[in-house]
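S.K.: Need the 3D shape of this:
(2 chains)
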2 protein chains.
Amino acid sequence: MMLTSKSITKESIIDVEGIVSLVPQKIESCTQQDVELQIEQVFVISQAAPRLPLQIDDAARPDGDESQGPMVNQDTRLDNRILDLRTSTSQAIFRLEGGVVQLFRESLMKRDFVEVHTPKIISAASEGGANVFEVSYFKTSAYLAQSPQLYKQMAICSDFDRVFTIGAVFRAEDSNTHRHLTEFVGLDLEMAFNYHYHEALDVIGSMFNDIFRGLRDRYQTEIETVNKQYPAEPFKFLEPPLRLTYPEAVKTLRENGVEMGDEEDLTTPAEKLLGRLVKAKYDTDFFILDKFPMAVRPFYTMPDPNDPKQSNSYDIFMRGEEIMSGAQRIHDPKLLTERALHHEIDLTTIQSYIDSFKYGAAPHAGGGIGLERVTMLYLGLDNIRKVSLFPRDPKRLTP
Amino acid sequence: MMLTSKSITKESIIDVEGIVSLVPQKIESCTQQDVELQIEQVFVISQAAPRLPLQIDDAARPDGDESQGPMVNQDTRLDNRILDLRTSTSQAIFRLEGGVVQLFRESLMKRDFVEVHTPKIISAASEGGANVFEVSYFKTSAYLAQSPQLYKQMAICSDFDRVFTIGAVFRAEDSNTHRHLTEFVGLDLEMAFNYHYHEALDVIGSMFNDIFRGLRDRYQTEIETVNKQYPAEPFKFLEPPLRLTYPEAVKTLRENGVEMGDEEDLTTPAEKLLGRLVKAKYDTDFFILDKFPMAVRPFYTMPDPNDPKQSNSYDIFMRGEEIMSGAQRIHDPKLLTERALHHEIDLTTIQSYIDSFKYGAAPHAGGGIGLERVTMLYLGLDNIRKVSLFPRDPKRLTP
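M.R.: Numbers count the residues shown, from 1 in each chain, chains lettered A, B, ... in the order given. Have a look, this model is predicted:
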């Protein structure tokens, strides 16, 4: 029997018939330690090609540990994604990512959100037309939606009150970094509120804590599996989440040597530094940064009624990287028109957006999360391609 | 007070301050019959434009009931979708549609399926390249996926065993019918099986019954609300679901005057007739049609090992319309190549698909469901545009 089964190529799929029997001594090298299988027959269901483009053992070894065999570089992994996904690490990553989506939904459904689906093919490029993919659409052309935002807002204007949507979003940005994809999964939510946009920010904060608590409690095995190959500090969060204002962040950064103006945006290095400073002071990998300067936010962002230089908008960070951007949106067509003109946007391209608020629109706020970024940063991974099943970037369209 | 509030335009959003008081006599015309609100102050939060493009009352009236006021035609509804979505009917439809998605997930998650996300931008047009939208992708061009099938299958080849995915699928088909959209939500599943593809068909059948039972038990209010505007017979299903074979269906159709060959596909009128005949005989609006002739199925369909003219493939019907197509897929690269050549497919365009099965692939089967069709047919509605939040068809890209 052993002779025969040695001729079966690695990674083949086989059926085995045999007798399960107790062992006198625990088998330390297996997860199933108390029994063994006395094989009687082996059937080859699918014979793998004898030469594999990569060895699963090599793909599963911790980075830098070349004493045991060659490392597999990222492009080889992605070119042969089917094999790369067979490692315990990949299996754990995508099971946990499925958990993020499930926890996002659970948290919002218990808060009376309705799940909706928004179109990906849109007639006009939102937000000015930069970075959108063009699609040929019968005799005309169209674009791929960069965000479901407009449609979420229209759902609120349609009396849905609280909605979320999960789906592909597209960015035609030629960014070849560890954290950009041209196609990713957006977890988006939008809600009407009664008195203050912080009602939405409270929901968002609680939702993230539901996700973090759920991952910690339900996915401990997966987290440990990933950590064996890619060690990382456990993800820390506070209950309730830490919330800072933009002026507080600027003050902290200045105290630590960063030179920046009050109405300037955070650079990526400044974000990273802020993440480290916040971690040192508050012991959390998660925080909300509220009240961004009006000057650095999109035209539809609601100004702070008490200080027109500030806005009712926020970014959210995990391990010093932005994973969500959101705001109270302007629901008054007159103010929205004014702000668009201020941003020198061609009104004809956004007229239907403005018109959405003409027939009664409740004050509302929301935001969008990149699923892959949340998974990557929660697990402390170094590249977003590890958490996208078949990643798309400016240079990669296959497999 | 009443004078002032009369000047508030219809559909405006208002805040009301007042005192809740008991009423001496039930208010028959309201859902809240025992109390009333003594209004003290009204604040207009968002004033609607005085002229609405359609009246909600008109949009909410049953078809054909013009004695009470004008009807609103479909294009006017869709052009002003925000208002059309405010009817109780639309609110109920989309809440129930959210329920279909949730029940689909619940049913599969309890059967150990993993939720995954597959790319929508693909490098080569699957299935020969007809009916795909082309996308400009940096310096090259790409296509929008017509189905996540290839990627679901690759997930199975990556050892995920059972997967489902929910997301946009795109069809560049110039079909202007009551049941075609160019973009819709696909509910897709794929699973490895041990002995027979009927293991997958059993799961699919049970999953549909979970959905139908869940809708009946959790969404009775929504169903009744929709029925008030669009009356329909309650949706009937059997436990377990009825399963017929293609030869049985052909025999039944012939007995009822349809002339067709053994290896001919069902026409749309034949499908409708079959639906009526099955309903009359078995009292079910749902059935599975198994063992389609090999001649009418795509190249990747597994032939029946006992009869090469038949295939291990199936369609599923609701109220006489197809809502799911599925099959056991060929997992052997050699047989797959043979079948592709038989279908005169250019092998270079599908080489990576064929290669997916080279490194050990378990036998697997699956299928894809159109969410909107399920919702439409469950509710007995006459047009798929009623169940798509912002529908896309060859002539409609807005709002």
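
S.K.: tell me which residues of the helix or strand hosting A:Leu78 are tucked away?
M.R.: Element membership for A:Leu78 (DSSP states H and E) is helix A:74-79. Using 16 or more other CB atoms under 10 Å in any protein chain shown as the test for burial, helix A:74-79 gives A:76-79. All C-beta atoms are positioned from the backbone trio N, CA, C, and that covers glycine.

S.K.: now stretch A:188-207
M.R.: Residues of stretch A:188-207 classed as buried: A:188-193, A:197-198, A:200-201, A:203-205, A:207 (neighbour count, 16+ other CB under 10 Å).

S.K.: is chain B contacted by stretch A:82-90?
M.R.: Yes - counting by CB under 8 Å from any CB of the partner chain, chain B is contacted by stretch A:82-90 at A:82-83, A:85-86, A:90.

S.K.: I'd like the buried residues of stretch A:188-207 laid out as JSON lines, including secondary structure.
M.R.: Converted to JSON lines, the buried residues of stretch A:188-207 look like this (DSSP: H, G, I helix; E, B strand; the rest coil):
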{"residue": "A:Asp188", "secondary structure": "strand"}
{"residue": "A:Leu189", "secondary structure": "strand"}
{"residue": "A:Glu190", "secondary structure": "strand"}
{"residue": "A:Met191", "secondary structure": "strand"}
{"residue": "A:Ala192", "secondary structure": "strand"}
{"residue": "A:Phe193", "secondary structure": "coil"}
{"residue": "A:Tyr197", "secondary structure": "coil"}
{"residue": "A:His198", "secondary structure": "helix"}
{"residue": "A:Ala200", "secondary structure": "helix"}
{"residue": "A:Leu201", "secondary structure": "helix"}
{"residue": "A:Val203", "secondary structure": "helix"}
{"residue": "A:Ile204", "secondary structure": "helix"}
{"residue": "A:Gly205", "secondary structure": "helix"}
{"residue": "A:Met207", "secondary structure": "helix"}
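
S.K.: Distance to A:Val35 and pLDDT for these - can I get that in a markdown table?
M.R.: Formatted as a markdown table, these follow (distance: CB to CB, whole Å; pLDDT from 0 to 100):
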| residue | distance to A:Val35 | pLDDT |
| --- | --- | --- |
| A:Asp188 | 48 | 98 |
| A:Leu189 | 48 | 98 |
| A:Glu190 | 53 | 98 |
| A:Met191 | 53 | 98 |
| A:Ala192 | 58 | 98 |
| A:Phe193 | 58 | 98 |
| A:Tyr197 | 59 | 98 |
| A:His198 | 57 | 98 |
| A:Ala200 | 54 | 98 |
| A:Leu201 | 53 | 98 |
| A:Val203 | 49 | 98 |
| A:Ile204 | 48 | 98 |
| A:Gly205 | 48 | 98 |
| A:Met207 | 43 | 98 |
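
S.K.: so A:Phe390 touches B:Lys120, yeah?
M.R.: No - with contact defined as CB atoms under 8 Å, A:Phe390 does not count as touching B:Lys120 (10.6 Å).

S.K.: Identify the contacts common to the two.
M.R.: By CB atoms under 8 Å, 6 or more residues apart in numbering or on different chains, A:Phe390 and B:Lys120 have no common neighbours.

S.K.: Pull the contacting residues for the closest residue to chain B within the stretch 1-150 of chain A.
M.R.: Closest residue of the stretch 1-150 of chain A to chain B, CB to the nearest CB: A:Leu85 (3.5 Å). Going by CB under 8 Å, 6+ apart, A:Leu85 touches A:91, A:94, A:389, B:155, B:158-160.

S.K.: does any part of the helix holding A:Leu78 sit near chain B?
M.R.: No - applying CB under 8 Å from any CB, one finds helix A:74-79 out of contact with chain B, separated by at least 9.8 Å.

S.K.: Could you identify the helix or strand that succeeds that helix?
M.R.: Towards the C-terminus, the helix or strand next in line after helix A:74-79, according to DSSP H and E, is helix A:81-84.

S.K.: what residues does that following helix touch?
M.R.: For helix A:81-84, the external contacting residues (CB under 8 Å, 6+ apart) are A:11, A:52-54, A:56, A:59, A:72, A:77-78, A:90, A:389-390, A:399, B:154, B:157-158, B:356, B:359.

S.K.: Chain A - how does it break down into domains?
M.R.: Using automatic domain parsing, the domains assigned to chain A come out as A:1-51, A:88-387.

S.K.: Can you say which of the ones you listed is packed in most?
M.R.: domain A:88-387 (a mean of 19; mean count of other CB atoms under 10 Å in any protein chain shown).

S.K.: distance between that domain and the chain's centre?
M.R.: With CA atoms, centre = their mean, to the nearest Å as the basis, domain A:88-387 stands 9 Å off its chain's centre.

S.K.: Can you give me the end-to-end span of that domain?
M.R.: From its first residue to its last, domain A:88-387 covers 13 Å (CA to CA, to the nearest Å).

S.K.: Now the two most distant members of the contacts of A:Leu85.
M.R.: Using CB to CB, the pair of those lying farthest apart is A:Leu389 and B:Asp159, separated by 12.7 Å.

S.K.: In contact with the residue in the stretch 151-300 of chain A that chain B sits nearest to: list those residues for me.
M.R.: Proximity of the stretch 151-300 of chain A to chain B (CB to the nearest CB) peaks at A:Ser158, 3.5 Å away. Contacts for A:Ser158 (CB under 8 Å, 6+ apart) come out as B:81-83, B:85-86, B:90.

S.K.: okay, these in CSV with pLDDT next?
M.R.: Conversion of the contacts of A:Ser158 to CSV gives the following (pLDDT from 0 to 100):
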residue, pLDDT
B:Arg81, 96
B:Ile82, 96
B:Leu83, 97
B:Leu85, 98
B:Arg86, 98
B:Ser90, 98
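
S.K.: for these, which one is nearest B:Leu377?
M.R.: B:Ser90 (17.6 Å).

S.K.: Doesn't A:Met324 lie inside a strand?
M.R.: Yes - counting by three-state DSSP, one finds A:Met324 located in a strand.

S.K.: got a list of what the nearest residue to A:Met324 once chain neighbours are set aside touches?
M.R.: In this structure, A:Met324 finds its nearest non-sequential neighbour in A:Ile316, 4.0 Å apart by CB to CB, 6 or more residues apart in numbering or on different chains. For A:Ile316, the contact set (CB under 8 Å, 6+ apart) comprises A:204, A:208, A:286-289, A:322-326, A:367, A:369.

S.K.: Using a markdown table, lay out those together with distance to B:Lys6.
M.R.: Converted to a markdown table, these look like this (distance: CB to CB, whole Å):
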| residue | distance to B:Lys6 |
| --- | --- |
| A:Ile204 | 39 |
| A:Phe208 | 45 |
| A:Phe286 | 50 |
| A:Phe287 | 49 |
| A:Ile288 | 43 |
| A:Leu289 | 46 |
| A:Glu322 | 49 |
| A:Ile323 | 48 |
| A:Met324 | 43 |
| A:Ser325 | 42 |
| A:Gly326 | 38 |
| A:Gly367 | 38 |
| A:Ile369 | 44 |
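
S.K.: mind checking which helix or strand A:Ser136 is in?
M.R.: Using DSSP H and E, A:Ser136 falls in strand A:134-137.

S.K.: coming back round to it: and the residue of the stretch 1-150 of chain A closest to chain B, how far from B:Pro298?
M.R.: Per CB to CB, to the nearest Å, A:Leu85 is found 25 Å from B:Pro298.

S.K.: what are the ranges of the helices in chain A?
M.R.: All helices of chain A, identified by DSSP state H, fall at A:2-6, A:56-59, A:74-79, A:81-84, A:88-109, A:149-155, A:198-218, A:220-229, A:246-255, A:268-282, A:333-342, A:347-355, A:371-378.

S.K.: weakest of the ones you listed by average pLDDT?
M.R.: For the helices of chain A, mean pLDDT drops lowest on helix A:2-6, to a mean of 58.

S.K.: sorry, back to before: the strand holding A:Ser136 close to chain B?
M.R.: Yes - contact between strand A:134-137 and chain B is present through A:134-137 (criterion: CB under 8 Å from any CB).
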